[in-house]
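Peer 1: From the sequence below, what's the structure:
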Amino acid sequence: MSIVRCLLVLLLLTTIGCGGGDGNGDPVGEWSGTVTTEGDVTTVVNESGSVWGGNVAFVEEASIGVDLGEDPYMLGQVRALAVSDDEIYVLDQQVPAVRVYDLDGRHVRDLGAKGSGPGEFTEPDSMVIGPGGRIYVRDSRGARITIFSPAGEELGTIPLRGGFFTSAPMVITPNGTLYNRERISSDDPESRVYGMVPRALENDRSGDPFLPPDMGFDSAPWRLEARTENMSMSSTVPFAPGIVWELAPSGAVVTGVSNEYSFEVRYPDGKVTRVVKPGDRVSVDPAEADWQRKRVTAQMRRNVDTWIWNGEGVPAVKPAYQQFIADHSGRIWVVRPAAGSHVEGECTENPQPGLPAEPCWRATTSWEVFDDEGRFLGGVDLPEGVGSSPEPYIRGDMFLAPVTDDYGTTMVKRYRLEYPGAE
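Peer 2: As a prediction, the model looks like this:
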């Protein structure tokens, strides 16, 4: 076992390649941590400081979307984003079509249209760009993935199992392997497993799927169940810890159990980087916990009116994280639950079965970023309206995300990441 004690200052960071060319900015902070390597596993404990020395800011460089205007600029339900060298691709489920714009936001062309014929969509929900510029668009309701050339020519389809829907994005690796989240086990609700399945144009399935990693975590105490002779349903205790994982564009799997701030990056060659960042988790406001318990109880009693709580209670602290976003530059963006925001004004304080419930607590998040070596880069000052679903497209210093303003207008904005110390 070798232990390296690292205090990174500007000169050292520049030497090891953390310059702006890889989207990490010019480091101005002091990061201190311990790196331990044993076999194929490297553990990086982030002890203090950050590479950036502060939060990264966002500079808006282009905006697509208007309240009233020409059809290509009136966005509806943006489900996925992608970027080539010189074009922005926006999958708008409401049209439905892939809108293509130049990097300044000027409309260039559309791919696809509504329908069930070749090159048409029923309800598209995910999109990626592969080698050679081919565009893959998933239409779960239409039970297929359609492939387009960069010019918009329909090249073929990949069949999918009908009746299964997911919000998980597709992933395509550098070697051109396309992965789609699917159910890969039996139809028995008690034993269903969902994983990322490789897909090929010529075959229904190609290669072995990525299964949810076995992290040795028992989720049973955090699962709520309601059963009758004719149906069963389940839910998860609000703010319960659990296994969080994402397949990165590099082919690595980012995974962890959210009961502590640590996660692993498992690479295709068998190497593993384990990332640890000690720190406190956010407390759950007792009033927020009470409202969430009432909300779930009302939801379960819609089907079983005698249902009583049959799992662990709402935790006193929120999970260490709730989502990983692996960007196209090898960084890991960790979406963390923050303190809940109480809704002022009209809301449903006591949700009842069968009745709509206006939430009395709004979820908020904070984001933190790590580089491909496991070091903490810093936090981010997210622009108003930017969220994690659908996932933003992040590559180098470019950050592309859908935003909805206070008037309900949907836009796609292209930002440039501005790092601490930038002039």
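Peer 1: What does the pLDDT read for residue 353?
Peer 2: For residue 353, the pLDDT comes out at 93.
Peer 1: State the mean pLDDT of stretch 275-286.
Peer 2: Throughout stretch 275-286, pLDDT has a mean value of 95.
Peer 1: hmm, I was thinking of stretch 94-108
Peer 2: The pLDDT scores in stretch 94-108 average 97.
Peer 1: Please compute how far that stretch lies from its chain's middle.
Peer 2: 22 Å (CA atoms, centre = their mean, to the nearest Å).
Peer 1: Dump that stretch to PDB, keeping only the CA atoms.
Peer 2: Output of stretch 94-108 as PDB, limited to C-alpha atoms (Å, rounded to 0.1, in the frame of the first residue of the first chain):
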ATOM      1  CA  GLN A  94     -44.500  18.100 -27.500                       C
ATOM      2  CA  VAL A  95     -43.800  18.600 -31.200                       C
ATOM      3  CA  PRO A  96     -42.500  15.800 -31.300                       C
ATOM      4  CA  ALA A  97     -39.200  16.300 -33.100                       C
ATOM      5  CA  VAL A  98     -35.500  17.000 -32.700                       C
ATOM      6  CA  ARG A  99     -34.900  20.700 -33.200                       C
ATOM      7  CA  VAL A 100     -31.400  21.500 -34.500                       C
ATOM      8  CA  TYR A 101     -29.800  24.900 -33.900                       C
ATOM      9  CA  ASP A 102     -26.400  26.400 -34.400                       C
ATOM     10  CA  LEU A 103     -24.300  27.300 -31.300                       C
ATOM     11  CA  ASP A 104     -25.800  30.800 -31.300                       C
ATOM     12  CA  GLY A 105     -29.400  29.400 -31.200                       C
ATOM     13  CA  ARG A 106     -30.500  29.900 -34.800                       C
ATOM     14  CA  HIS A 107     -32.800  27.100 -36.000                       C
ATOM     15  CA  VAL A 108     -31.200  25.000 -38.800                       C
END
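Peer 1: which stretches of the stretch 301-423 of the chain aren't confidently modelled?
Peer 2: In the predicted model of the stretch 301-423 of the chain, residues 423 satisfy pLDDT under 70.
Peer 1: what about 80?
Peer 2: Low-confidence segments of the stretch 301-423 of the chain (pLDDT under 80): 421-423.
Peer 1: so what does the longest helix anywhere in the chain touch, helix or strand wise?
Peer 2: Identified as the longest helix of the chain according to DSSP state H is helix 286-301. Applying 3 or more CB pairs under 8 Å, 6 or more residues apart in numbering; DSSP states H and E, one finds that helix 286-301 contacts strand 223-227, strand 232-236, strand 361-362. (C-beta placed from N, C-alpha, C; glycine too.)
Peer 1: If we use 10 Å, what do you get?
Peer 2: strand 223-227, strand 232-236, strand 341-342, strand 361-362 (3 or more CB pairs under 10 Å, 6 or more residues apart in numbering; DSSP states H and E).
Peer 1: Residue 182 is nearest to which of those strands?
Peer 2: strand 232-236 (19.8 Å; CB to CB).
Peer 1: partners of that closest one in the sheet?
Peer 2: Strand pairing for strand 232-236, using DSSP bridges, gives strand 223-227 (antiparallel).
Peer 1: Show me the strands in the stretch 101-250 of the chain, by range?
Peer 2: In the stretch 101-250 of the chain, the strands defined using DSSP state E, counting those that start in this stretch lie at 107-111, 113-114, 120-121, 126-129, 135-139, 144-148, 154-159, 171-172, 178-183, 194-199, 223-227, 232-236, 243-247.
Peer 1: which one of these has the lowest average pLDDT?
Peer 2: strand 194-199 - the lowest mean pLDDT of the strands of the stretch 101-250 of the chain, at a mean of 86.
Peer 1: re the thing from before, would you turn the strands of the stretch 101-250 of the chain into JSON lines with distance to residue 397 and mean neighbour count?
Peer 2: Output for the strands of the stretch 101-250 of the chain, formatted as JSON lines (distance: least, CB to CB, whole Å; neighbours: other CB atoms under 10 Å):
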{"stretch": "strand 107-111", "distance to residue 397": "23", "mean neighbour count": "16"}
{"stretch": "strand 113-114", "distance to residue 397": "34", "mean neighbour count": "12"}
{"stretch": "strand 120-121", "distance to residue 397": "32", "mean neighbour count": "21"}
{"stretch": "strand 126-129", "distance to residue 397": "19", "mean neighbour count": "22"}
{"stretch": "strand 135-139", "distance to residue 397": "24", "mean neighbour count": "25"}
{"stretch": "strand 144-148", "distance to residue 397": "28", "mean neighbour count": "22"}
{"stretch": "strand 154-159", "distance to residue 397": "32", "mean neighbour count": "15"}
{"stretch": "strand 171-172", "distance to residue 397": "22", "mean neighbour count": "21"}
{"stretch": "strand 178-183", "distance to residue 397": "27", "mean neighbour count": "21"}
{"stretch": "strand 194-199", "distance to residue 397": "28", "mean neighbour count": "20"}
{"stretch": "strand 223-227", "distance to residue 397": "42", "mean neighbour count": "16"}
{"stretch": "strand 232-236", "distance to residue 397": "37", "mean neighbour count": "14"}
{"stretch": "strand 243-247", "distance to residue 397": "22", "mean neighbour count": "20"}
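Peer 1: Adding distance to residue 372, write those strands out as JSON lines.
Peer 2: Shown next, in JSON lines, are those (distance: least, CB to CB, whole Å):
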{"stretch": "strand 107-111", "distance to residue 372": "32"}
{"stretch": "strand 113-114", "distance to residue 372": "39"}
{"stretch": "strand 120-121", "distance to residue 372": "35"}
{"stretch": "strand 126-129", "distance to residue 372": "20"}
{"stretch": "strand 135-139", "distance to residue 372": "25"}
{"stretch": "strand 144-148", "distance to residue 372": "29"}
{"stretch": "strand 154-159", "distance to residue 372": "30"}
{"stretch": "strand 171-172", "distance to residue 372": "17"}
{"stretch": "strand 178-183", "distance to residue 372": "20"}
{"stretch": "strand 194-199", "distance to residue 372": "20"}
{"stretch": "strand 223-227", "distance to residue 372": "34"}
{"stretch": "strand 232-236", "distance to residue 372": "31"}
{"stretch": "strand 243-247", "distance to residue 372": "14"}
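Peer 1: between the ones you listed, which one is nearest to residue 29?
Peer 2: strand 243-247 (26.1 Å).
Peer 1: what's the angle from that closest one to strand 178-183?
Peer 2: Interaxial angle, strand 243-247 versus strand 178-183 (axes from the mean of the first three to the mean of the last three CA atoms, to 10 degrees): 150 degrees.
Peer 1: Just checking: what are the partner strands of strand 243-247?
Peer 2: Assessed with DSSP bridges, strand 243-247 is paired to strand 253-257 (antiparallel).
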